[in-house]
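Colleague: Sequence and predicted model, in that order:
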2 protein chains.
Amino acid sequence: MLLLAVKAISEEDRAFLAEHDIDVVTPDTITDAQISDVVISYAWDNRIGDKILAQPDSKLKWIQTQSAGVDYLPLQILKERGIIVTNASGLKAEPIAQTVLSYILYFARGLNVYATRQHWEPFTDQYMVSELPVLVFGTGRIGQQIAAQIKGFGGTVYGVNTTGRAVPGFDEVYPITNYQEGLSKARVVVDGLPGTKDTENFFDEYFFEQVNELFLFVNIGRGTTLDQDALLAAIDDSRVRFAALDVTTPEPLPTHHPLFERPQILLTQHTSWGEHENYGRTGGLFRLFKKNVPGFVADGSLTYNVVNLDKGY
Amino acid sequence: MLLLAVKAISEEDRAFLAEHDIDVVTPDTITDAQISDVVISYAWDNRIGDKILAQPDSKLKWIQTQSAGVDYLPLQILKERGIIVTNASGLKAEPIAQTVLSYILYFARGLNVYATRQHWEPFTDQYMVSELPVLVFGTGRIGQQIAAQIKGFGGTVYGVNTTGRAVPGFDEVYPITNYQEGLSKARVVVDGLPGTKDTENFFDEYFFEQVNELFLFVNIGRGTTLDQDALLAAIDDSRVRFAALDVTTPEPLPTHHPLFERPQILLTQHTSWGEHENYGRTGGLFRLFKKNVPGFVADGSLTYNVVNLDKGY
């Protein structure tokens, strides 16, 4: 069967695929005649992906995404055609959690002040991580990794998920219908929500109205989950002291966008997953992908990281 | 006996002192006649401290400093007079270690780039803490706390101390005569040396000549341990990519000092010990101090955190 390698696959990993009778093409080497023969898309690229989906006789059965979020895929079409999506959830949990800790320490230790201060004026309104209880929206692998890192600093961490079911590592978990209880105890809010129609603009004017003196608002979920104007208003009247956003709407954000102009906002431009060895993009992705290969080759079954296309995560 | 409270002491803590027949005066309430009666200085202030030491019949026997470093005390005079100094070593280890982690994550996650970037240009040359082995000069309580935090991120941490004796939490410890072995494996160097005559300008031109591609140089020890010009030269020809300095020479640093003008240098203006609750300065200091009180009252003995006045730490 044919696999389209949108992300690079090493020689060693190609040998593994060959053992399972999987041939590899890349976007550069694929011929027009092969487009409809692609069974597996290893990572997804909308340009070539749309071409594949446009073939009436497409054999596409499995998409392995390079990301945890899958909101950029045509989920409805995939569902109708019975195409299964497995995502990269968990793969980037560690780097993203380290970025979240970098944000928290940036604020807590006053680096947000010192980063641009070019004269001697000591700023001592600093905090220990343990002095800043954190409320994380989303208790999946990224949320759990964030919780573990905060615990490593002796901190307190609450979670929010759909039902309020307990998740190891969190001091308490609240259902999304009653997140207010967690919010009242928190100094830091981390938006780790997936991008679905239910989460669109979840952090809106109403949310920020309930915020009294939030020290730090973080978004490492999806830009669509945050009403940016509501955040800007909350920053401007000091209900939120500082915000660190990895994701925004739109991306790229135009120069002179208000988010760029507020000194109380740090933007990391959708790179919270970064690692030097690129673990999150190539080697690590394949290690996750290959666990599903034997089952898929045997009987078309996929076991790990399967996305619920109705929920969108 | 009389105690001079240079730092505030709470009502509850005064009651504890009263039980031990210790009377409390403050720099505001002390009378001229009482100056020579001071037996204990709780925290040290050079102005009033010098007055006390100038009394020929001074009863001063014990100085409890508010800091780990004691280089601002007249150590020679104290030694001659048999005055014992206990320091606040360990008290600020946690906040200082959190600041060191904030520096490492600031560099590792690319915040040093994003802090001032006001246009969309994703920077992805990021690292995990585990990709940046750290060499800490000084394996006392601050060094050990730094090591513990780095371990919490799955990182590697080497230490340097006088003899190379092993210290729990470090992957390996090198004697200061052979720090080069640790340096060759490290991407981050943390200067946590005390300010003594042996450590003056330890990090000099010769040190930086041995540095090839150090990612991050941190100073949370004493400004006197670093030849700042040597660091600036190493920054300017890219042997050191980034530096985060909590301590400098002099303090305050004048505006337009070259350290302020390099975008590759972060200055936190001697506040790495900061906590919101001021734990490190008042309440926490007393908790440490009071452990020595019963023994001192009974027979003048001091057990905890006694400074070696010859070594200066």
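Modeller: Right, received. Where do you want to start?

Colleague: Next, count neighbours for the closest residue to residue A:267 other than its chain neighbours.
Modeller: Nearest residue to residue A:267, sequence neighbours excluded (CB to CB, 6 or more residues apart in numbering or on different chains): residue A:245, at 5.5 Å. C-beta coordinates here come from the backbone N, C-alpha and C atoms, glycine included. When neighbours are counted by other CB atoms under 10 Å in any protein chain shown, residue A:245 registers 24.

Colleague: Can you tell me which helices and strands the helix or strand of chain A with the lowest mean pLDDT packs against?
Modeller: Here the helix or strand of chain A ranked lowest by mean pLDDT, DSSP states H and E is helix A:283-290, holding a mean of 86. The helices and strands touching helix A:283-290, judged by 3 or more CB pairs under 8 Å, 6 or more residues apart in numbering or on different chains; DSSP states H and E, are helix A:11-19, strand A:62-64.

Colleague: can you pull out the helices in the stretch 151-300 of chain A?
Modeller: A:179-183, A:205-209, A:228-236, A:258-261, A:283-290, A:293-299 (DSSP state H, counting those that start in this stretch).

Colleague: hang on, the earlier thing: of the helices and strands packed on helix A:283-290, flag the one that's most buried.
Modeller: Looking across the helices and strands packed on helix A:283-290 with neighbours counted as mean count of other CB atoms under 10 Å in any protein chain shown, the highest average goes to strand A:62-64: a mean of 24.

Colleague: gap between residue A:52 and chain B?
Modeller: Computed as CB to the nearest CB, to the nearest Å, the residue A:52 to chain B distance reads 27 Å.

Colleague: Ok, residue A:127 next?
Modeller: Counting by CB to the nearest CB - residue A:127 and chain B are separated by 5 Å.

Colleague: Give me every residue in the stretch 101-250 of chain A lying close to chain B.
Modeller: Residues of the stretch 101-250 of chain A lying near chain B by CB under 8 Å from any CB of the partner chain: A:101-103, A:105-106, A:108-112, A:114-129, A:131, A:149, A:152-153.

Colleague: Return the members of those residues classed as buried.
Modeller: A:101-103, A:105-106, A:108-112, A:114-115, A:117, A:120, A:123, A:126-129, A:131, A:149, A:152-153 (16 or more other CB atoms under 10 Å in any protein chain shown).

Colleague: Any stretches of the stretch 151-300 of chain A with poor pLDDT?
Modeller: Along the stretch 151-300 of chain A, segments meeting pLDDT under 70 span A:277-283.

Colleague: Where is the longest helix in chain A?
Modeller: Looking across chain A with DSSP state H, the single longest helix is helix A:93-108.

Colleague: Quick check: next helix or strand after that helix?
Modeller: Once helix A:93-108 ends, the next helix or strand along the chain (criterion: DSSP states H and E) is helix A:111-114.

Colleague: Would you mind putting the CA coordinates of that next one into CSV?
Modeller: This file holds the C-alpha atoms of helix A:111-114, laid out as CSV (Å, rounded to 0.1, in the frame of the first residue of the first chain):
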residue,chain,number,x,y,z
LEU,A,111,11.4,38.9,34.0
ASN,A,112,8.5,40.5,32.2
VAL,A,113,9.6,43.7,33.8
TYR,A,114,13.3,43.2,33.5
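
Colleague: helices or strands up against it?
Modeller: helix B:93-108, strand B:265-267.

Colleague: Reformat these as TSV; add distance to residue B:50.
Modeller: Below are these laid out as TSV (distance: least, CB to CB, whole Å):
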stretch	distance to residue B:50
helix B:93-108	28
strand B:265-267	30
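
Colleague: residue boundaries of the strands in chain A?
Modeller: Remark: strands assigned in chain A by DSSP state E are A:2-5, A:23-25, A:38-42, A:62-64, A:84-86, A:134-137, A:157-161, A:172-175, A:188-191, A:214-219, A:240-245, A:265-267.

Colleague: Give me the helices and strands touching the third one, please.
Modeller: The helices and strands touching strand A:38-42, judged by 3+ CB pairs under 8 Å, 6+ apart, are strand A:2-5, helix A:46-54, strand A:62-64.

Colleague: Given that strand, what are its sheet partners and their directions?
Modeller: Paired strands of strand A:38-42, with direction, are strand A:2-5 (parallel), strand A:62-64 (parallel) (DSSP bridges).

Colleague: do the same with the second one
Modeller: The pairing partners recorded for strand A:23-25 under DSSP bridges are strand A:2-5 (parallel).

Colleague: next one: the partner strand to chain centre, how far?
Modeller: 25 Å (CA atoms, centre = their mean, to the nearest Å).

Colleague: what's the answer for stretch A:206-222, then?
Modeller: On the basis of CA atoms, centre = their mean, stretch A:206-222 sits 18 Å off its chain's mean C-alpha point.

Colleague: Start and end of it, how far apart?
Modeller: End-to-end distance of stretch A:206-222 (CA to CA, to the nearest Å): 19 Å.

Colleague: Please identify the buried residues of that stretch?
Modeller: Buried residues in stretch A:206-222, counted by 16+ other CB under 10 Å: A:207-208, A:211, A:214-222.

Colleague: which residues touch the residue nearest the centre of chain A?
Modeller: Centroid-nearest residue in chain A, with CA atoms, centre = their mean: residue A:221, separated by 4.9 Å. Residues counted as contacts of residue A:221 (CB atoms under 8 Å, 6 or more residues apart in numbering or on different chains) are A:69, A:137-138, A:191-195, A:199, A:247.
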